[in-house]
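Trainee: Fold the stuff below for me.
(one chain, ligands or ions: 1)
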Amino acid sequence: MRAVAIDGPAGAGKSTVAKLVARRLGWLYLDTGAMYRAAGLKALRLGIAPGDRERIPAMIADTDVEIRFADGAQRVLLDGEDVTGLIRTPDVSVAASDVSAVPAVRLRMVELQRRIAAVHDVVMDGRDIGTYVLPDASCKVFLSASLEERTRRRVLDLEERGAVDVDQDAVRRDIEYRDYNDAHRALAPLAQAEDAFLVDTTGMTVDQVVEAVLRRAGA
Ligand code: DC
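Mentor: Residues are numbered from 1 along each chain as shown. Just a heads-up that it's a prediction; the model follows:
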């Protein structure tokens, strides 16, 4: 099957762009961050520190994360419960970053991601898609943007989801924390693949980024 891999740090616009590119290509869009978010949510609910390397492997062995697609939209099921609407909070973002550094979690999620990519043409976004999950993807893109721009977008995103009085400094700190954490873990850290095309989206419109990715994908 064919794949477009879109990686980059938090708030670089990956999901917005990946969704539109998938629509234009008629391929499936897979948001891999949602899987780590579901695992992070479970750890928070159980009161287990998401970075706990003793307890998280046992938790994940006893966890069922499932992805379903309904009318082109992705739903995430955690132990059978649809948690799609619960995983976008700042707490879950940080928990997802911490839990994703535990190798047992990554191995489970990567297996699921590869299984989906084996039977669908996909546009997949994440941190390690081009480097680790789908190293043979025909098109790899690394999206970046300045920290200020990424913070601004994340604040807007939270506000669009109904959050009020969003603390911009807290959002910036969360992004910085996650960037560092995601880029410094031992297994499959956030990195630009050698053969990935770098797009700095600061100052670009969504349409411009989508067109740049589609050109790169040969579409
Ligand atoms: O893309 P996102 O913000 O929804 O991802 C949440 C966290 O999940 C991110 O901080 C790191 C982790 N993640 C990962 O380690 N690998 C991926 N392919 C996707 C997300």
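
Trainee: Go ahead and confirm residue 9 touches residue 153.
Mentor: No - contact criterion C-beta atoms under 8 Å: residue 9 and residue 153 do not qualify, at 11.6 Å. All C-beta atoms are positioned from the backbone trio N, CA, C, and that covers glycine.

Trainee: which parts of the protein sit against the ligand?
Mentor: 10, 32-33, 36-37, 93, 96-97, 100, 126-129, 178, 182 (C-beta under 6 Å from any ligand atom).

Trainee: Tally up the residues packed near the nearest residue to residue 1 once chain neighbours are set aside, please.
Mentor: Leaving aside its sequence neighbours, residue 1 sits nearest to residue 121 (C-beta to C-beta, 6 or more residues apart in numbering; 5.2 Å). Neighbourhood size, residue 121 [other C-beta atoms under 10 Å]: 15.

Trainee: My guess is residue 121 contacts residue 21. True?
Mentor: No - Residue 121 is beyond contact range of residue 21, at 11.5 Å (criterion: C-beta under 8 Å).

Trainee: about what we covered before: which two of the residues of the chain next to the ligand have the greatest separation?
Mentor: Spanning the widest gap among those are 93 and 129, at 18.5 Å by C-beta to C-beta.

Trainee: And these two? Which one has more around it.
Mentor: Higher neighbour count among residue 93 and residue 129: residue 129, with 32 against 23, using other C-beta under 10 Å.

Trainee: Check the more buried one and give its pLDDT.
Mentor: Residue 129 is assigned 98 on the pLDDT scale.

Trainee: what do you get for residue 150?
Mentor: pLDDT for residue 150: 97.

Trainee: ok, residue 151 - contacts?
Mentor: If you count contacts by C-beta atoms under 8 Å, 6 or more residues apart in numbering, residue 151 has them with 11, 168, 171-172, 175.

Trainee: re the thing from before, please tell me how far the residue nearest to residue 1 sits from residue 67.
Mentor: Taking C-beta to C-beta, to the nearest Å as the measure, residue 121 falls 16 Å from residue 67.

Trainee: Can you tell me the SS state at residue 124?
Mentor: Per DSSP: H, G, I helix; E, B strand; the rest coil, the local secondary structure of residue 124 is strand.

Trainee: which element follows the helix or strand hosting residue 40 toward the C-terminus?
Mentor: Using DSSP states H and E, the element containing residue 40 is helix 33-46. Sequence-wise, the next helix or strand downstream of helix 33-46 (DSSP H and E) is helix 55-61.

Trainee: wait, residue 200 sits on residue 145?
Mentor: Yes - in this structure residue 200 lies within contact range of residue 145 using C-beta under 8 Å: 6.4 Å.

Trainee: the more surrounded of the two?
Mentor: Taking neighbours as other C-beta under 10 Å, residue 200 and residue 145 compare with residue 145 leading, 22 against 15.

Trainee: So that one sits against residue 10, correct?
Mentor: No - distance between residue 145 and residue 10: 10.2 Å, which falls outside the contact criterion (C-beta under 8 Å).
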